[in-house]
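Engineer: sequence plus the predicted model coming up.
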Amino acid sequence: MQRNRLPADERKEQIARAVLEIVATEGTSRLTAAEIARRVGVSDAALFRHFSDKAAIVAAAIETFESMLFEDFPPASADPLDRLRIFFIQRVGLVRRYPVIMRLAFGDRLAAAAGAEGVERVRSIVERSVGFVRKCLVEARDQGVVDSGVSTDVLTWAFMGIVRGAALDGRKRKASPEQLWKELERLLKTRD
């Protein structure tokens, strides 16, 4: 049953990503050692050569989820709209490559798989993104660049909703993240 031998770090990453896929597509009821092992192509016992128990496997999956979301996080530039643009383009690209990320970020399955500690951790990971968007919007509003006639919460929800919509876009010819950003930027900017 063993696939090609991988270095331990690569195998751990593979196992963590399999957990994310299972939780996102099938829920926590299918999150068993046997199912994880089947998806990875190893024996059940092989999982526990890399992790002490199932809770450690789920914790690694949460770490992978977090690293996927924040691997190319925007630099702390002076321009809040530039930070939002970088974040938006990066996040749309990510959710298009890995659609399960949206299910995990906007659902409670990953948190449920992790138990009480995991609920708070997953919530804080998601809130970090939302908080980043909100902070950039407040800064842009303070600079007079973003429309002050619409509440920051509504602008934040619109921003995150467009990311989600871009992930769910089933058309063959999708608008590029850059094209979508130009449209979103027009919505956000102050009207003259």
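Structural biologist: Received the coordinates, thanks.

Engineer: could you find the closest non-adjacent residue to residue 36?
Structural biologist: Distances taken as CB to CB, 6 or more residues apart in numbering put residue 18 closest to residue 36, at 5.3 Å, once the chain neighbours are dropped. Placement of C-beta: from N, CA and C, glycine included.

Engineer: how near is that neighbour to residue 74?
Structural biologist: 29 Å (CB to CB, to the nearest Å).

Engineer: for burial, what's the neighbour tally of the residue nearest to residue 36?
Structural biologist: 22 (other CB atoms under 10 Å).

Engineer: state the distance from it to residue 180.
Structural biologist: Between residue 18 and residue 180 the distance is 30 Å, computed by CB to CB.

Engineer: I figured residue 128 hits residue 70, correct?
Structural biologist: Yes. Proximity of residue 128 to residue 70 meets the contact threshold set by CB atoms under 8 Å, at 7.4 Å.

Engineer: wait, isn't residue 35 in contact with residue 22?
Structural biologist: Yes. Applying CB under 8 Å, one finds residue 35 in contact with residue 22, separated by 5.9 Å.

Engineer: if you count what's nearby, which of these two comes out ahead?
Structural biologist: residue 22 (23 against 16).

Engineer: give me the below-cutoff pLDDT ranges for the chain.
Structural biologist: Counting by pLDDT under 70, the chain contains low-confidence residues at 1-4, 190-192.

Engineer: helices of this protein, start to end?
Structural biologist: Applying DSSP state H to the chain gives helices spanning 8-26, 33-40, 44-50, 54-70, 80-97, 100-105, 109-142, 152-168, 177-188.

Engineer: only C-alpha atoms, please: export the shortest one in CSV.
Structural biologist: Once non-C-alpha atoms are left out, helix 100-105 reads as follows in CSV (Å, rounded to 0.1, in the frame of the first residue of the first chain):
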residue,chain,number,x,y,z
VAL,A,100,-11.7,23.7,-0.3
ILE,A,101,-10.2,26.7,1.4
MET,A,102,-13.5,28.6,1.1
ARG,A,103,-15.5,25.8,2.6
LEU,A,104,-13.1,25.6,5.5
ALA,A,105,-13.0,29.4,6.0
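
Engineer: give me the contact list for that helix.
Structural biologist: Contact with helix 100-105 is made by 20-21, 23-25, 65, 68-69, 94-95, 109-110, 122, 126, 129, 164, 167-168, as judged by CB atoms under 8 Å, 6 or more residues apart in numbering.

Engineer: now with 6 Å, please.
Structural biologist: For helix 100-105, contacts defined as CB atoms under 6 Å, 6 or more residues apart in numbering pick out 20-21, 24, 65, 95, 110, 126, 164, 167.

Engineer: before we move on, what about the fourth one?
Structural biologist: With CB under 6 Å, 6+ apart as the contact definition, helix 54-70 has outside contacts at 16, 19-20, 51, 104, 113-114, 121, 125.

Engineer: now, among the residues you listed, which is nearest to residue 154?
Structural biologist: Nearest to residue 154, judged by CB to CB, of the contacts of helix 54-70 is residue 125 at 23.2 Å.
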